[in-house]
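**Student:** Here's a sequence, model it:
(chains A and B)
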There are 2 protein chains.
Amino acid sequence: MAAHLDLVLERTLDAPVDLVWKAYTDPEHLKQWFAPKPYQISECELDLRPGGIFRIRMVGPDGFDTGHGNAGCVLEVVERERLTWTSALGPDYRPAEMGEGCESFPMTAIVTFADAGNGKTSYKAVALHKDTADCDNHQKMGFQDGWGTVADQLADYARTLGVSA
Amino acid sequence: MAAHLDLVLERTLDAPVDLVWKAYTDPEHLKQWFAPKPYQISECELDLRPGGIFRIRMVGPDGFDTGHGNAGCVLEVVERERLTWTSALGPDYRPAEMGEGCESFPMTAIVTFADAGNGKTSYKAVALHKDTADCDNHQKMGFQDGWGTVADQLADYARTLGVSA
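**Tutor:** Take a look at the predicted model:
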């Protein structure tokens, strides 16, 4: 961990770890919470294996639209513990072309989950950047607000999976 | 496979697959053949696990020197079958800064090995690029000659491991 190159979001989520994992790793579930409302995920592909595609298309009420959404790549899958993916590579590890906005710089996300007891989950998301310029840029784009908001949405959504199960 | 984005080198190597694998995956062995002579590998780090570092420093009689050598990342390790690594990421999956020359564009290499019988190995190295410009550029840098030469050096070196074993 190189602190000046990383952005970190930590939360205790009020939902059990198995439901949080389920909400994060099933593309139909992920669509429901991954964009900070009123933004929405209009398309999502997630193939949960190293080398698998991770692609989202985000749209907003202000006309914001990531277009086809640049395809990223899953790197690590440790059931209920860790999911690592990157925008530096596309599916099957091909180097990725960068897009615009949040997709204009390569990033790797390491997301870890742990049982915090009492039906809660320790959640940590770390965004790794290649240099301080990208890291600062991502911070100014509102990393803490954005990733914090969707962490809350993740917890809210994961709890509904428990009710319906 | 997207043909116009990939460069492919295939060879039948005159050395058994277990020795070829050993020569490719031990950094002390890899130093001996990975640069097309008279170029040399002066430093090599290879941590043979997904997320592990892959770094080489290449030097030449003409003063060519990749400096500290940009650190790449191992992605897949399938014993005696496949090794995948990329220069788009550094160790532990952090997006990598690009360097100069052969290190000026991100690339993923998928190298596969198979027993071809009679003590020979089917060897295939595919270089994946993000776009046709990088692919064409890599080709013009002499991909076929360079990777072909080191494939021959790999076979020659791997055979010496059989003698000393």
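**Student:** Pull the contacting residues for the spatially most distant residue from the centre of chain A.
**Tutor:** The outermost residue of chain A relative to its centre, with distances by CA atoms, centre = their mean, is residue A:118 at 24.5 Å. By CB atoms under 8 Å, 6 or more residues apart in numbering or on different chains, no residues touch residue A:118. From N, CA and C alone the C-beta is placed, and that goes for glycine too.
**Student:** go on, residue A:36?
**Tutor:** Residue A:36 sits next to A:145-146, A:149-150, A:153 when contact means CB under 8 Å, 6+ apart.
**Student:** From those residues, pick the one nearest chain B.
**Tutor:** residue A:146 (19.0 Å; CB to the nearest CB).
**Student:** so that closest one, which of the three states?
**Tutor:** With DSSP: H, G, I helix; E, B strand; the rest coil as the basis, the three-state label of residue A:146 is helix.
**Student:** With adjacent residues omitted, what lies nearest to it?
**Tutor:** residue A:36 (5.3 Å; CB to CB, 6 or more residues apart in numbering or on different chains).
**Student:** Tell me which other helices or strands the helix or strand of chain A with the lowest mean pLDDT touches.
**Tutor:** Lowest mean confidence among the helices and strands of chain A (mean pLDDT, DSSP states H and E): helix A:143-164, at a mean of 92. Helix A:143-164 is packed against strand A:6-13, helix A:17-25, strand A:120-128, with contacts defined by 3 or more CB pairs under 8 Å, 6 or more residues apart in numbering or on different chains; DSSP states H and E.
**Student:** Chain B contacts on chain A?
**Tutor:** A:2, A:5, A:50-51, A:75-76, A:84, A:86, A:88-90, A:92-97, A:105-108, A:110, A:128-131, A:134 (CB under 8 Å from any CB of the partner chain).
**Student:** Name the surrounding residues that touch stretch A:135-154.
**Tutor:** A:4-7, A:9, A:11, A:13, A:15, A:20, A:23-24, A:32-37, A:101-102, A:105, A:107, A:123, A:125, A:127, A:129.
**Student:** on that earlier part again, would you check how far apart the residue farthest from the centre of chain A and chain B are?
**Tutor:** 32 Å (CB to the nearest CB, to the nearest Å).
**Student:** now swap in residue A:161 and tell me
**Tutor:** The gap separating residue A:161 from chain B is 29 Å, by CB to the nearest CB.
**Student:** What is the neighbour count of that residue?
**Tutor:** 18 (other CB atoms under 10 Å in any protein chain shown).
**Student:** tally of neighbours for the closest residue to it other than its chain neighbours?
**Tutor:** Take residue A:161 and drop its neighbours on the chain: the residue closest to it by CB to CB, 6+ apart is residue A:19, 4.8 Å away. Residues within reach of residue A:19, counting by other CB under 10 Å, total 23.
**Student:** returning to that earlier point: possible to save the helices and strands packed on helix A:143-164 as a markdown table with mean pLDDT?
**Tutor:** Output for those, formatted as a markdown table (pLDDT from 0 to 100):
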| stretch | mean pLDDT |
| --- | --- |
| strand A:6-13 | 97 |
| helix A:17-25 | 98 |
| strand A:120-128 | 98 |
